[in-house]
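Asks: Below are the sequence and a predicted model for it; my questions follow.
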Amino acid sequence: MLDVKRKPESAKHTSIKANRATIRLSNETKLRSLRGITTPLKMNSKNEDKFIKYEIHEAVKLYLNEKFLRCVKKVNPNVDSKSIVDRATRKPIEQVLMALDDLDEHNLEQIEQFVDTHLHEPGIEIIRAELTDWVEEPRFLKNIQSEELRHFCTALNRVWLDLYKKLDMSKLEHECVTSHLPMRYPFIVPGGRFIEIYYWDTYWTIEGLLVCGMIDTVRQMIENFIFFIKKFGFIPNGSRIYYLNRSQPPYFAQMVMRYYDHCMNCDHLSPEAKQEIENFVLTDAYKCILIEYRYWTRQKSVEILIDKRTKRKFKFSRYTVSTNMPRPESYFEDMHTASECKTEAERKKMYCDITAAAESGYDFSSRWFKDPMNMSTIQTTDLIPVDLNSVLYKNELILSTLSELNGDDLKAKLFKRLAIKRRYAINKLLWSKENYCWSDYNLKTGRLTDHFYASNLAPLWFEMRPPSGVRVSDIIAKHRGVFDGYDGGVPVSLLKTTQQWDFNNVWAPNQHSYIMMLLKHDPRMALKLARKFFNTVFYGWKRSGMIFEKYDVHVPGERGAGGEYDVQTGFGWTNGVIFSLIQIFKDELLQPTTI
């Protein structure tokens, strides 16, 4: 569908392309010298590709081996399941697999010896890297008057130094393996137990890095994802072998556009640097955005009748995976959830639904459950998620813009039409007149799901027009109680469960999405919500000196709760959102939340 014939190019477009070709530099080192970017790890030859595939293939035999998972857990029954699969080998993989095969699963002493002899502690190959574009006092600080706020900003800025990591394979002996995927550049991790890069987290991390002027680091993050797309055809959930069966919400196109827009408006970049960045965005990045778009629209879509009268159909995307086992990083938790399944088919379906929920980023939420209080009723693959399709709507608009910048008017019009069709389909199938918002659609029941979740307003995050006759201001007014009803920010849902993506947790990405949307329609409410979330993070930092991944909706500064693991600190996307809010609202954030 996308491989359309190109019409003859105009003289203007031919000139643009010729000019870009002229400025292309002859080698990668020279390109990077424009910005001082660290030389990447070279991984482009066919032999290296084969080596990478071989390494991954061998590592999979260990880290997805259920006997391995069971045995290592027995050494310490209380250990975090993720730490089991984050251990690199001390011995060559062939020796480790032979020893595992000979291991008596019921002999604890033998298992302990196997672990001590063949496995490193988690994360030994991931070390702190040196940021080359970090400065103690970023440029934006000159616009901040409050000394208290300036002190907080400099402290938050220093967190980047701790979160910037690189993969150091010199820590491992020849033919030893790790579950970490090869990377071209160093990377920013979320923090805590999350010592690898995560896909959708990176969008909000990038927001903060750009505020801090760290353009080179952002470029490295994008180049790492381009490397993944070229190698795997998509961006995995995270940079681990055990994440290769799923992705996360496809924010890559928005990352690229955020980087592009920022750089084109940056007054301290030279014309040559801007030209190189534009060339990169319109070639490598554009091609990879297109590859990822095809992945989501071809491999993860289902056709649905949206108009019985006209028999009109549309292919919606959904979260879905192919697996027949528990997630290796949460192996025992998934086994417990599936323990009541009566048949192997039921068990396999549950593992797919659990992993698909992890792909959504909302792992876990009552949003995916038939019974909101019972995770064993999970049904993720039966749902058409409104937020995923809203993201793809935005991506289609971005592809249209980039195609136009590339001088390809035909593709620009094609993607614009695709976005219009998707908007129509979303408003036709996923709009709830009763709740005056959008909802997920259940393929099995043919009905929209109940209850309010942050995702119900996702189309507004991406500037999608609601159905004809419905005003955005009326939607906001209808749900004003959600925006205005809590001291800590907007809860991710209104259902109190034991899941971390439910009430009463507040998450940075949702707050940022709401605030950026409200800035266009209700600036006073946007400022009020920004103050609430800023105070939540600021008070928590003043009390503990830490930044959390999630917060409590009732008590500003109080860490969140629920889910499979303890609350983590760091924290990449929280830092990014706070920097974004500080850049937008500056000293106004320190004023009372009442407006």
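Replies: Now that the structure is in, tell me what you want to look at.

Asks: Would you mind measuring from Phe314 to Asp49?
Replies: Counting by Cβ to Cβ, to the nearest Å, the gap from Phe314 to Asp49 is 37 Å. Heads up, the C-betas are built off the backbone N, CA and C, glycines and all.

Asks: Looking at the two, which is more packed in?
Replies: Per other Cβ atoms under 10 Å, whichever of Phe314 and Asp49 has more neighbours is Phe314, with 19 against 13.

Asks: That one: what's it in contact with?
Replies: With contact taken as Cβ atoms under 8 Å, 6 or more residues apart in numbering, Phe314 is in contact with 303-304, 306, 421-422, 424-425, 428-429.

Asks: For it, I want the exact helix or strand it lies within.
Replies: When elements are assigned from DSSP states H and E, Phe314 belongs to strand 312-317.

Asks: Show me what counts as buried in that strand.
Replies: 314, 316-317 (16 or more other Cβ atoms under 10 Å).

Asks: can you list those in CSV and add pLDDT and distance to Arg543?
Replies: Listed next are the buried residues of strand 312-317 as CSV, based on pLDDT from 0 to 100; distance: Cβ to Cβ, whole Å:
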residue, pLDDT, distance to Arg543
Phe314, 98, 49
Phe316, 98, 44
Ser317, 98, 42
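
Asks: Strands of the stretch 451-595 of the chain, residue ranges please.
Replies: Counting by DSSP state E, counting those that start in this stretch, one finds strands in the stretch 451-595 of the chain at the ranges 505-507, 550-552.

Asks: which residues are in contact with the first one?
Replies: Which is strand 505-507. Strand 505-507 is contacted from outside by 454, 486, 488-492, 501, 533, 536, 549-553, 560-562, using Cβ under 8 Å, 6+ apart.

Asks: Give me the subset of those that lies in helices.
Replies: The helices, defined by DSSP state H, take in 533, 536 from those.

Asks: sorry, back to before: buried ones among the contacts of Phe314?
Replies: The buried subset of these (16+ other Cβ under 10 Å) comprises 304, 306, 422, 425, 429.

Asks: right, and the pair among those with maximum separation?
Replies: Ile304 and Arg422 (12.4 Å; Cβ to Cβ).

Asks: before we move on, back to that, for the buried ones among the contacts of Phe314, which one is nearest Arg128?
Replies: Distances from Arg128 to those, taken by Cβ to Cβ, are shortest for Arg422, at 42.5 Å.

Asks: that older thread, tell me which of the buried ones among the contacts of Phe314 fall in helices.
Replies: Short answer: the buried ones among the contacts of Phe314 in helices (DSSP H) are 422, 425, 429.

Asks: Name the nearest residue to the first one, sequence neighbours excluded.
Replies: Computed as Cβ to Cβ, 6 or more residues apart in numbering, the closest residue to Arg422 that is not its neighbour in sequence is Tyr393, at 4.7 Å.

Asks: before we move on, what about the last one?
Replies: For Leu429, ignoring the flanking residues on the chain, the nearest one in space by Cβ to Cβ, 6+ apart is Ile306 at 4.9 Å.

Asks: if we can go back for a sec, residues contacting the residue nearest to Arg422?
Replies: Per Cβ under 8 Å, 6+ apart, neighbours of Tyr393: 419, 422-423, 426, 459, 462, 464.

Asks: Find the helix or strand that it is a member of.
Replies: Here Tyr393 sits within helix 386-405, counting by DSSP H and E.

Asks: got the angle between that helix and strand 312-317?
Replies: Angle, helix 386-405 to strand 312-317, by axes from the mean of the first three to the mean of the last three Cα atoms, to 10 degrees: 100 degrees.

Asks: Thanks again, I'm all set now.
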